[in-house]
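S.K.: What would the 3D arrangement of this be:
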Amino acid sequence: MQTPTPTHIRISWPAGHLTATLDATPTTQALSKALPLVSTARTWGEEVYFDTGIVVPRETNARQIVEPGTVAFWTDGDALALPYGPTPISRGDECRLASPCNVLGHIDGDPRLLATVRTGDPVRVELVDA
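M.R.: Model prediction:
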């Protein structure tokens, strides 16, 4: 049996960019088909999120508390959610998302680069080769 190949994306904004490795999930497949996409960043505590224009159901393994650098899909807002630290509803240092989100994968490298994203920044997401 062949193991599914991970999907690699690049997320760019005016002050920087980073890459992420996504697992083979139904949400990752839907997102891949929509790429490249351009959106407008919003911030919520130490989380960056932005609309994707795709609608997917919440997956059975959706989680509300995740590790910093998790790439999550917020089904309530059709948005990618990229937490890198506490949000306004976190307890302590945890990354607590607004509601349970589909977990897609993880940012490669330091997720704190997301601190340079400002609300209103244009964000581009595209597929990249590993």
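
S.K.: Let's verify the residue minimising distance to the centre of the chain: helix, strand, or coil?
M.R.: In the chain, the C-alpha nearest the mean C-alpha coordinate belongs to residue 71, at 3.4 Å (CA atoms, centre = their mean). Taking DSSP: H, G, I helix; E, B strand; the rest coil as the rule, one finds residue 71 in the strand state.

S.K.: ok, now which ones touch the residue lying closest to residue 7 once chain neighbours are set aside?
M.R.: The shortest distance from residue 7 to any residue other than its chain neighbours is 4.3 Å, reached at residue 22 (CB to CB, 6 or more residues apart in numbering). Every residue, glycine included, has its C-beta placed from N, CA and C. Going by CB atoms under 8 Å, 6 or more residues apart in numbering, residue 22 touches 6, 7, 8, 9, 28, 31, 71, 104, 105.

S.K.: what's the spacing between residue 22 and residue 104?
M.R.: Look at residue 22 and residue 104: by CB to CB, to the nearest Å, they are 5 Å apart.

S.K.: Identify the contacts common to those two.
M.R.: Taking CB under 8 Å, 6+ apart as the criterion, residue 22 and residue 104 both touch 28, 31, 71.

S.K.: Can you report how many residues neighbour the second one?
M.R.: Residue neighbour count, defined by other CB atoms under 10 Å, stands at 24 for residue 31.
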